[in-house]
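S.K.: Following is a predicted model, sequence given first.
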Amino acid sequence: MPHANVLAHRQIANELGLIGQWLDVRGWTHERMWREDFPVLPEADALIVLGSLDSVASGHCAGWAPAEMSLIREWIDEGHRYLGVCFGAQILASILGGKVDRRPRFYRKVEEIPWVDGTARGPWVLWHEDIITSAGTAEVISELPHAIVALRSGNAWGVQPHIELDASGLERLGRAVGAPPDVWSPLVTELAAQHARVRQATFDFLDAALA
């Protein structure tokens, strides 16, 4: 039975959501680990790193982030599967020599993500202030006009969209971070209307990235 380590904050942006559903349906077990404890990563078939309100952007890097980056660098250097979502994708770009910058304002949208092969993935919600502007040695898999939104290096994947979020998860996140309802409510409505497509897109992507 495959097993995943899941690294997140203890109090915020820590819901597995649709990723958790995929793990259950596909027969994976998983262990939750918290950044605040600075864990030692046990052996596993994959490491999943979720979002953060903190940053690795140039000039804004959180004091705790370099230690986590070193931990993840060692993990992917050993050839293990890795999936970084939002902040986890930014960490992947950073440790592979890429660059993360700060936007003047948040980017919040539900949209399909164009893949380099001419197809599209999603729709998923994008909710981020920091942007990947260089993937370093990683392959760029998807890019929007404002940022790189998916990258890959061997068994390591980074995706800027919150592929874990369904409508209820986004509403809880919006409330938890204190965003006004008029900011998150339209996105929640759109995710709810497209729930089946969102869930299927997440399952299809995870089948490819973590199979």
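M.R.: Received it, and whenever you're ready, just let me know what you need. Values in this document were obtained by computation on a predicted structure and should not be read as measured data.
S.K.: centroid residue for this structure?
M.R.: In the chain, the residue lying closest to the centroid (C-alpha atoms, centre = their mean) is Val85, at 0.7 Å.
S.K.: Looks like that one contacts Leu18 (just checking).
M.R.: No: the criterion here is C-beta atoms under 8 Å, and Val85 misses it with Leu18 at 10.6 Å. Backbone N, C-alpha and C define where each C-beta goes, glycine included.
S.K.: shared neighbours of these two, anything?
M.R.: Ile163, Glu164 (C-beta atoms under 8 Å, 6 or more residues apart in numbering).
S.K.: Confirm that Gly169 lies within a helix, as I assumed.
M.R.: Yes: assessed with DSSP: H, G, I helix; E, B strand; the rest coil, Gly169 lies in a helix.
S.K.: If you tally nearby residues, what's the number for it?
M.R.: Gly169 has 19 neighbouring residues, counting by other C-beta atoms under 10 Å.
S.K.: Just give the nearest non-adjacent residue to it, would you?
M.R.: Among residues not flanking Gly169 along the chain, Gly17 sits closest, at 4.4 Å (C-beta to C-beta, 6 or more residues apart in numbering).
S.K.: hmm, back to that, from Leu50, how far off is the residue nearest to the centre of the chain?
M.R.: From Val85 across to Leu50, the span is 5 Å (C-beta to C-beta, to the nearest Å).
S.K.: Ok, Ala138 next?
M.R.: From Ala138 across to Leu50, the span is 19 Å (C-beta to C-beta).
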